[in-house]
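Student: I would like to see how this sequence folds:
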Amino acid sequence: ALAALGALAGAPDCDLAVVGAGAGGAYAAWRNAEAGRTVCVFERAARPGGRIHSLREQGPRGDLVVEAGGYRFAPHPVVIQHGQFKFRFSTPITSSIIKELGLRTARYNPNASQWDHGMYKIVDKDGEDAGYLTFIERMLGRRRAAAR
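Tutor: Numbers count the residues shown, from 1 in each chain. From the prediction side, this is the model:
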C-alpha cells in the first residue's frame, strides 16, 4: 500500500500526485510546490529516498552513517580506465541541486591517487558524513515549507 508523506491535512485534492519519494519524486514535489501547486507525495516504503538509504547513528557509539544505496556524486566528470573499459561518472544535476540547497560537501576520498578522488559526499557542519539522504530530505522539507 502507498502511504502519503506529509499530505496536507484537510486537503482531499491534490494538484499533483507524486508517486515515489526518491530523488526524482522529491525534486518534482519541491519544484511544483514552489510553483504554487498542492502536491501530495506517495511512497510505498516507510521512508523516503528510493535507492538512496542512509542509516544514521550506527556503530557502537552511534556516530557512524552507513550508506546502503547511492552515496556520492561527481560535480565534475570523473573518468577511469579499467583494462579495455572506460567509465565516466558525471552528476551535474545532483551537484546543482546540492549546491542550491546549500548543503556542505567534502571529497569522498581525499587520496588524490585514487580514482574516486573527484567524487563528493554530503557532510555536516563539523565535516562528518551527514548521509546522502540529506539532499532528498531537504527537498521534501522545502516542499513542505512551500505548502504553508
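Student: gap between the helix or strand in which residue 139 is found and the chain center?
Tutor: In this structure, residue 139 sits in helix 134-147 according to DSSP states H and E. Offset of helix 134-147 from its chain centre (CA atoms, centre = their mean, to the nearest Å): 11 Å.
Student: Averaged pLDDT, that helix. What do you get?
Tutor: The average of the pLDDT scores along helix 134-147 is 95.
Student: Now tell me what touches that helix from outside.
Tutor: 5-6, 8, 21-23, 26-27, 29-30, 33-34, 38-39, 41, 48-50, 52, 54, 94, 97-98, 101, 103, 122 (CB atoms under 8 Å, 6 or more residues apart in numbering). C-beta: built from backbone N, CA, C; applies to glycine.
Student: Drop the exposed ones from these and show what's left.
Tutor: Those of those that meet the buried threshold are 5-6, 21-23, 26-27, 29-30, 33, 39, 41, 48-50, 52, 54, 94, 97-98, 101, 122, by 16 or more other CB atoms under 10 Å.
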